[in-house]
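> here is my input; please provide its structure:
(one chain, ligands or ions: 1)
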Amino acid sequence: MAAEGINGTVEGELKNTKAYTKEMNHYPAFAGINWKRSEGNGKAFPKLSVKVRDEIVTTGEKNKDFGPLASKTGKYLTAKELYNWYREEKEFYVLDMRNDYEYEVGRFKNSIWPDGLGHFRDVKNSIKTIEHLKDKTIVTVCTGGVRCETASGLLQKYGFENVYQLEHGIVTFMDKYPNTYWEGKLYVFDSRELYGKGESIGKCRICGKTTENMVNYFKDGKNTYGVVCEECCENKMVELEGKYKSRFEYKTI
Ligand SMILES: [Zn+2]
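Model (predicted):
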């Protein structure tokens, strides 16, 4: 939690998480909140954890004249609206604000990954790569919609005028419109890792083979995470870090 809001996820069996959120909605402070529920067996988060931070989305920007606290953030676009935009072939550009490895295994049709923009590393350089879209209709997307609150505001700060953000994130879109304009899987930060039933679109970073095998490895002395096929791992094409991650379980949506 931070001054700008609360970000969190409640995981467990559907009936349990429903009972929890129903109870919590009785408290005025939580009423009307967009609950992030993750369906599982209740073991993804072994204990309740609350962290107090300066920012929900770490930007490192000294002048926070954008984002939710400054009321400078993209207009909300619902999953239904985005679905209709795709169907009507409206001119718009989806900018993906997640990590590179998330984009590698799943993304919206025709979406763009502006090199780390959603992570506020080297923002000016990222902006340069999408400068030509300044007067276009932009839709920022991220997993649950939180990162976009800040990132869509940042785009406005840099002169993008027609900026929307996908309300409640990719998760909501996938649940409402499975097998439509989302390609591949959705990387989620709990023990399941990959969500959805889309065909694999991940490509091994070493040999280019289609795979969804994700590993921690060292590259140029740095710890890196990404898609590397099992064969390349076995052939020691990369220097693996820690235990070789096993396959994830799929979730049916
Ligand atoms: Zn490979």
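> show me what contacts the residue nearest to residue 195 when sequence neighbours are not counted?
The shortest distance from residue 195 to any non-neighbouring residue, by C-beta to C-beta, 6 or more residues apart in numbering, is to residue 186 (4.3 Å). All C-beta atoms are positioned from the backbone trio N, CA, C, and that covers glycine. Neighbouring residues of residue 186 by C-beta atoms under 8 Å, 6 or more residues apart in numbering: 102, 106, 143, 170, 171, 174, 194, 195, 196.
> strands of the protein, residue ranges please.
Shown for the chain, the strands assigned by DSSP state E span residues 10-12, 37-39, 75-77, 93-96, 106-108, 138-141, 163-166, 182-184, 186-187, 194-195, 214-219, 222-227, 239-240.
> now the ones you listed as CSV including mean pLDDT and distance to residue 30?
Formatted as CSV, the strands of the chain follow (pLDDT from 0 to 100; distance: least, C-beta to C-beta, whole Å):
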stretch, mean pLDDT, distance to residue 30
strand 10-12, 88, 11
strand 37-39, 79, 14
strand 75-77, 97, 20
strand 93-96, 98, 30
strand 106-108, 97, 30
strand 138-141, 98, 26
strand 163-166, 98, 22
strand 182-184, 96, 29
strand 186-187, 92, 26
strand 194-195, 84, 25
strand 214-219, 87, 34
strand 222-227, 88, 33
strand 239-240, 83, 42
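> neighbours of the residue lying closest to residue 78 once chain neighbours are set aside, just the number please.
Distances taken as C-beta to C-beta, 6+ apart place residue 167 nearest to residue 78, at 5.2 Å, with adjacent residues excluded. Neighbours of residue 167 under the rule other C-beta atoms under 10 Å: 19.
> just use 37 as the starting number from now, easier for me
All set: I'll call the first residue 37, so the last point we hit is now residue 203.
> surely residue 203 and residue 111 touch.
No: between residue 203 and residue 111 there is no contact under C-beta atoms under 8 Å: 9.5 Å.
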